[in-house]
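> Everything below, folded, please.
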Amino acid sequence: MMHARYARVIARLSMPRLPRIYLEKALYYITTRGDSSQHIFKEAEDFKVFLDLVKKYKEQYQFKLYAYCLLPEHFHLLVELPDQKEVKNKMGPLSNIMHDLNSSYTKYFNAKYQRKGHLFRERYKAALIEKEQYLLKLACYIHLNPLRLKLSTSVGGYPYSSYNAYVNHEGIANSYLADEKEEIARLLEGKSYAELMDEVVKEPDCTRLRQSLKKGIVGSSAFKEQIKQALALQMKEGAIEKPGRRKKIGIIFFIVLVSGLGIFFTVKMGTEQKKETKGALSAFPHKFPAQVKELLRELENTEWQIRLVSLPGGKVQDDSIRFEEGKFYSRIFSAKHYPASEYFLLIEDDQKIIWESEQPGEGAVASWRGEIREGEMEGGLRLRYANATTQDFSFVSVSSKKRK
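Okay, the predicted model is just below:
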């Protein structure tokens, strides 16, 4: 029988959580997944109810919705928030939208299928997107999901995305995306949306875009600097909540944001990187607890013996992983010619480290996620193959040591 520690850990690999900051002419790319990878849409009626709720809250909160795609286990939304000068609580709209949408749908789903508890895996994930440069590309990326996951033989043949509203003015979304369609049409400059999709399919950078989304920010250097300044201003004005437990969450958000800017989140312990990190931190009013700094130091230059178990209840393998000079290594995957990769950190509290790393191989991408507390590690690995299939593993540490 599989050990309980193996059974409860499955990779939960997704983009980091960003602070809910507002930038004019910026987009949010939002994803939410079903808990334990369960289906959140089982029948045609479920898709329709969810879209009706999207329409309801779109009218209530007055946000723009440029693209959506509802898939059996998760959904994608591309949203632009209204002018925050007209909103009393500057940090509220996106959180309120997603809370109302997900909770309303969960109530419907639980009542229909006679179940209780959470439907969605965790809090929604949102990447901040530079609108001018990436609106068309992100809309196409979202609409390509059914084709990429082999849920349809054509993009237009999948009924639960906003694609058809742009190409033939049909579908559920056509009636409430009028303004968004006009804006997309202006950006196309006479080209049809179907022609744009054909071009995007042939482009080699869809994979790079997917990796950028996982980091939480997609945009130019100037856009990233704008985010950093907006965060510093909101921290100064107290727009990011600090009391009680939220103070720790603020630390998470800061580290994740700066990771997207490539300043702090990638851990490198050399002298040059330390200077850059110190400069980045000094621009913000937060002082990092000594415990957090100590946790960061503890992971670098460590080697861990882990027991890797394929799920559900499959083969057990012993692997050795290490963290060295900002890079993550796996003995098993190095032998299979997977390169060393950068690893990213997220501090959930003063006693726990969460790390993530992604290693691209020839036939699959290996996505790692681990949690370390009190000298023990557990986590998950997901292999995503070129044919869109996946294989999951869990792992726990057997021993660890500090490398010289």
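
> which residues of this protein fall in strands?
In the chain, the segments counted as strands under DSSP state E are 26-33, 64-70, 74-80, 125-130, 217-218, 302-310, 316-324, 327-330, 341-349, 352-360, 364-373, 376-385, 390-402.

> Least reliable of the ones you listed by average pLDDT, please.
Lowest mean pLDDT within those: strand 341-349, a mean of 70.

> re the thing from before, among the strands of the chain, which is nearest Leu147?
strand 64-70 (10.5 Å; Cβ to Cβ). For glycine as for every other residue, the C-beta is placed from the backbone atoms N, C-alpha and C.

> re the thing from before, please identify which of the strands of the chain is closest to Asn102.
Comparing these under Cβ to Cβ, the one sitting nearest is strand 26-33, at 6.4 Å.

> Could you tell me how many residues sit around Lys25?
11 (other Cβ atoms under 10 Å).

> wouldn't it be in contact with Gln133 here?
No: assessed by Cβ atoms under 8 Å, Lys25 is found out of contact with Gln133, at 10.5 Å.

> what sits in contact with each of these two?
Here Lys25 and Gln133 share no contacting residue, scored by Cβ atoms under 8 Å, 6 or more residues apart in numbering.

> May I see the strands of the chain organised as TSV, with distance to His99 added?
Listed next are the strands of the chain as TSV, based on distance: least, Cβ to Cβ, whole Å:
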stretch	distance to His99
strand 26-33	11
strand 64-70	17
strand 74-80	14
strand 125-130	13
strand 217-218	23
strand 302-310	35
strand 316-324	36
strand 327-330	34
strand 341-349	21
strand 352-360	23
strand 364-373	25
strand 376-385	27
strand 390-402	29
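
> Output the ones you listed as TSV; include the columns mean neighbour count and distance to Leu209.
Formatted as TSV, the strands of the chain follow (neighbours: other Cβ atoms under 10 Å; distance: least, Cβ to Cβ, whole Å):
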stretch	mean neighbour count	distance to Leu209
strand 26-33	22	10
strand 64-70	23	14
strand 74-80	23	13
strand 125-130	23	10
strand 217-218	24	7
strand 302-310	19	30
strand 316-324	17	27
strand 327-330	20	22
strand 341-349	20	18
strand 352-360	19	14
strand 364-373	20	14
strand 376-385	19	15
strand 390-402	17	20
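
> so which of these gets nearest Leu144?
strand 64-70 (8.6 Å).

> So which residues make contact with the closest one?
The contact list for strand 64-70, computed with Cβ under 8 Å, 6+ apart, reads 27, 41, 47, 50-51, 54, 58, 75-80, 135, 138-139, 142-143, 145-146, 158, 160-162, 173, 176-177, 179-180, 183-184.

> Just the buried residues of those residues.
Among these, those classed as buried by 16 or more other Cβ atoms under 10 Å are 27, 41, 47, 50-51, 54, 58, 75-80, 135, 138-139, 142-143, 145-146, 158, 160-162, 173, 176-177, 180, 183-184.

> Can you list which of these are found in helices?
Mapping these onto helices (DSSP state H) picks out 47, 50-51, 54, 58, 135, 138-139, 142-143, 145-146, 180, 183-184.

> how about Ser104, what does it touch?
Leu53.

> so what's it scoring on pLDDT?
pLDDT, Ser104: 94.

> got it, and Lys42?
94.

> Going forward, the N-terminal residue is numbered 577.
Will do, 577 is the new start, and the previous item becomes Lys618.

> what residues are up against it?
Lys618 makes contacts with 648, 689, as judged by Cβ under 8 Å, 6+ apart.

> if I look at it, how far off is Tyr717?
26 Å (Cβ to Cβ, to the nearest Å).

> So which of the strands of the chain is nearest Arg691?
Checking the strands of the chain against Arg691 by Cβ to Cβ gives strand 602-609 as the closest, at 16.9 Å.

> got the contact list for the closest one?
590-591, 616, 642, 649-657, 670, 674, 678, 696-698, 700-707, 710-711, 714, 718, 789, 794-795, 799.

> quick one: low-confidence ranges for the protein?
Residues of the chain meeting the criterion pLDDT under 70: 577-598, 660-668, 698-699, 745-751, 777-783, 808, 810-873, 888-889, 922-927, 980.

> hey, what's Ile897 bridged with?
Trp880, Ser906 (DSSP bridges).

> What residue spans form the domains of the protein?
596-794, 798-861, 878-978 (automatic domain parsing).

> Endpoint to endpoint, the last one covers what distance?
Distance between the boundary residues of domain 878-978 (Cα to Cα, to the nearest Å) amounts to 4 Å.

> Run through the residues that contact Phe971.
Applying Cβ under 8 Å, 6+ apart, the residues contacting Phe971 are 582, 585, 882-885, 895, 946, 953-957.

> I'd like the residues you listed as TSV, with distance to Asp611 appended.
TSV is the format used below for those (distance: Cβ to Cβ, whole Å):
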residue	distance to Asp611
Tyr582	19
Val585	15
Ile882	25
Arg883	26
Leu884	24
Val885	21
Asp895	28
Gly946	20
Met953	23
Glu954	19
Gly955	18
Gly956	15
Leu957	20
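
> Quick check: of the residues you listed, which lies closest to Arg907?
Checking the contacts of Phe971 one by one against Arg907 (Cβ to Cβ), the nearest turns out to be Asp895, at 5.7 Å.

> just checking, Ala942 touches Tyr961?
No: counting by Cβ under 8 Å, Tyr961 is not a contact partner of Ala942; they are 10.6 Å apart.

> So in the protein, which helix runs the longest?
Longest helix in the chain, counting by DSSP H: helix 669-689.

> chain center to that one, what's the gap?
Helix 669-689 sits 19 Å away from the centroid of its parent chain (Cα atoms, centre = their mean, to the nearest Å).
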